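1. please find the sequence and the predicted model below.
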Amino acid sequence: MPAHDIDLFGNPEPAPQKPRVFSVSEVTKAVRGVIESAFDEVWIEGEVSNFRQQASGHQYFTLKDATAQLPCVLFARGGAWRKTVPLQDGMLVQARGKLTVYEARGQYQLNVSLVQAAGAGLLQAKFEALKRKLAAEGLFDAERKRELPQFPRTVGIVTSPTGAALHDMLNVLARRAPWLRVIVSPARVQGDGAAAEIARALDDLNRLAARGIAPVDVIVLARGGGSIEDLWEFNDESLARAIAASALPVVSAVGHEIDFTIADFVADLRAPTPSAAAELIVPDTAELLRMLGERAAFFHRRTTAAIGTSRVHLAGLLRSALFREPARRIEEASQRLDLADQALRRSLASQLDVLHQRLDALGSRVREHRPDQVLALHRQKISSVANALTDRFQQRLRREKDRLTRIADMLRLLSPEQTIARGYTITTAADGAVVRSAADAKSGSELHTRFRDGKVISVVSGIAADAIAAKKKKRPQGE
């Protein structure tokens, strides 16, 4: 069979003598027709990124998932966009619209008619979780943030050496502070592994300052604007901790004014853009010159006024009598000084005479009373009294000793021991009670009789006891 060409709609057509050449517009229109005829309005779920809204009210964004992305546009005509949820990067949404092809760029897109929220996007959720964690640890506290130096000598910039952010910052710094020294510590600012490079570049600047190689005063982390994916490396936890551990103040200048990263919250100062960071960290030379001019004018006015006042005062002094007749004034002052000296000498002499008279009077009184003799007399009296007291005490002591000796002799003479020594005996019952009469001795009781040279124990018999009792009854009264 003869070969046939296939047209854009799949229909066979006879092979021409020469192959047909289509224009880009023809192919794009054909693709657009195929897509629009194949799909009616569809619902598509994805994460919003690279969101932007134009002054016309049209909203442009990208819906993406793990492996693909789809450009979207939400036109402002008819107020349809007011019926959708407010969009921002990182949101997970469901968008309804018509698939078509934007012929000017040759890309297919979704013309959105309605957007509804489907929950927070994965990246945004990660961002919020890390933000809460580091905030709880105190990395965002205002108390730990340091003041930036007012007049830095050297600024370290961590950024891509080929990025527009560095070019913008250098232009601003050169205009505002031409004396400033800038050290660029290069690092990738986008893509996997960029956070580790930024942390190493930050550490390099700290080590240069610590070793005195380069007196870096402040460090700026700089990157231009981009989508949330482009800026994601600045949301890395290890980078956030490296910023917090920096010995030097750190300024975060990442993205545009509406972009916020974890680095912004940890840094000592957040700048909305890299150019704004350059304006914040150094003073404006023109403003400094203006201030210096004002100060110089102020000091000139004050100095001129002070000189004028001093001239008036000096003119008054020159017109005074002191400068007209200085010799006479000095002679008068010398004469007054001599008179004062004489008066002082006379006063001192008079006071000395009075003091001598008082001293002589006191000496006479002392000589009259002779305190040495008075003291000797008192010592003699005290010695006599002490001797008399000693004699009286000795006499009293001897008398007391003699009295105690007599009492002791009397006690010894009257003691039972002495009575027994003279031939007497003492009889006691078994319980130690003294038996004073025969009636006290009961029949059968035990008696202890003590002699001078020993003791005899006896038992009272019944007959003897009765005889004693009878004899006692017969004894005449009074015997």
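-> Nice, I can see it. Numbers count the residues shown, from 1 in each chain.

2. what's the domain layout of the protein?
-> Using automatic domain parsing, the domain parsing of the chain gives 4-120, 152-283, 420-474.

3. for the longest strand along the chain, name the packing helices and strands.
-> The longest strand of the chain (DSSP state E) is strand 107-120. If contacts are counted by 3 or more CB pairs under 8 Å, 6 or more residues apart in numbering; DSSP states H and E, strand 107-120 sits against strand 42-53, strand 69-74, strand 91-102. Just so you know, the C-beta spots here come from the backbone N, C-alpha and C atoms, and that holds for glycine as well.

4. in the stretch 101-250 of the chain, which spans are helices?
-> 122-136, 164-176, 194-210, 237-245 (DSSP state H, counting those that start in this stretch).

5. Serialize the helices and strands packed on strand 107-120 to CSV and add fields for mean neighbour count, mean pLDDT and distance to Ile426.
-> Listed next are the helices and strands packed on strand 107-120 as CSV, based on neighbours: other CB atoms under 10 Å; pLDDT from 0 to 100; distance: least, CB to CB, whole Å:
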stretch, mean neighbour count, mean pLDDT, distance to Ile426
strand 42-53, 17, 91, 131
strand 69-74, 18, 94, 139
strand 91-102, 18, 90, 129
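
6. turn those into a markdown table, including distance to Ser320.
-> Putting these into a markdown table (distance: least, CB to CB, whole Å) gives the following:
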| stretch | distance to Ser320 |
| --- | --- |
| strand 42-53 | 83 |
| strand 69-74 | 92 |
| strand 91-102 | 89 |
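
7. what's the closest of those to Leu205?
-> strand 42-53 (31.5 Å; CB to CB).

8. right, and the helix or strand after that closest one?
-> Under the assignment DSSP states H and E, the closest C-terminal helix or strand after strand 42-53 is strand 59-64.

9. follow-up on the earlier one: among the helices of the stretch 101-250 of the chain, which comes closest to Asp230?
-> Comparing the helices of the stretch 101-250 of the chain by CB to CB, helix 194-210 comes nearest, at 10.0 Å.

10. where in the stretch 51-200 of the chain is pLDDT low?
-> Counting by pLDDT under 70, the ranges of the stretch 51-200 of the chain that qualify are 78-84, 119-122.

11. switch to 80 and redo it
-> 77-85, 116-125 (pLDDT under 80).

12. now the stretch 201-350 of the chain
-> Using pLDDT under 80, the stretch 201-350 of the chain drops low at 226-229, 284-291, 316-333.

13. and if we set it to 90?
-> Along the stretch 201-350 of the chain, the parts satisfying pLDDT under 90 run over 211-215, 224-232, 255-260, 281-350.

14. same question for the longest strand of the chain: list its buried residues.
-> If you call a residue buried by 16 or more other CB atoms under 10 Å, then strand 107-120 has these buried ones: 108-115.

15. Glu197: which of those residues is nearest?
-> The closest of those, once distances to Glu197 are taken by CB to CB, is Gln109, at 34.6 Å.

16. if we can go back for a sec, could the buried residues of strand 107-120 go into a markdown table alongside distance to Ser347?
-> Shown next, in a markdown table, are these (distance: CB to CB, whole Å):
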| residue | distance to Ser347 |
| --- | --- |
| Tyr108 | 120 |
| Gln109 | 116 |
| Leu110 | 116 |
| Asn111 | 118 |
| Val112 | 113 |
| Ser113 | 117 |
| Leu114 | 115 |
| Val115 | 110 |
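
17. sounds good, over and out.
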